[in-house]
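Q: Predicted model follows, preceded by the sequence.
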Amino acid sequence: MAAKRLSLVVTGRVQGVGYRFFAQEAAEALGVVGWVRNGWDRSVEIEAQADEPTLDLFCDRLREGPTLAYVADLETHGRGCVADEVFPPFRRFSNAGRVDPDSN
C-alpha cells in the first residue's frame, strides 16, 4: 500500500500533560515515522508518514490522547510523499526544535 504523509496540529490541553510522549509511543507501536513537537501557540505539531489505514489508527489514538490531555481539535493536512525521502524513526522535539535527548 502506498505511503501517505500528514501534517497535523492538535489543540486543546496538550502541552505539559505528556502528549508528545504519548504521540511518540503510539507512532512507534504502529510503525508511523515522522516527528512531534510543541507549537508556540500551545498546540502540538506532528508530521507523520505511513500507509493510510495506519495513519487513520494513529489519528484515532491522537484524538484520545493521554489521560491528562483534552483534545479540542485535530487538524490534518495531506502532503505528498517524495519517493526517495525517508524519515528516521519517529522523533520527539523539544520546544526549541531540538531532538529531546531521551527521545530514542
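A: Sure, I can see it. Numbers count the residues shown, from 1 in each chain.
Q: From now on I want contacts and neighbour counts done on CA atoms only, so please keep to that.
A: Will do.
Q: can I assume residue 22 sits in a strand?
A: No - assessed with DSSP: H, G, I helix; E, B strand; the rest coil, residue 22 is helix; it does not lie in a strand.
Q: Tell me how many other residues surround it.
A: Number of residues near residue 22 (other C-alpha atoms under 10 Å) recorded here: 16.
Q: got it, and residue 67?
A: 10.
Q: Secondary structure element holding it?
A: Using DSSP states H and E, residue 67 sits in no helix or strand.
Q: Repeat that for residue 29.
A: helix 19-30.
Q: what about the strands in this protein?
A: All strands of the chain, identified by DSSP state E, fall at 3-13, 33-38, 44-51, 70-79, 91-92.
Q: Now distance to residue 26 too, for these, in TSV please.
A: Formatted as TSV, the strands of the chain follow (distance: least, C-alpha to C-alpha, whole Å):
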stretch	distance to residue 26
strand 3-13	15
strand 33-38	11
strand 44-51	11
strand 70-79	15
strand 91-92	12
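Q: Give me the most central residue, this protein.
A: For the chain, the residue nearest the mean C-alpha position is residue 46 (3.6 Å; C-alpha atoms, centre = their mean).
Q: and it, what is it in contact with?
A: 7-9, 34-37 (C-alpha atoms under 8 Å, 6 or more residues apart in numbering).
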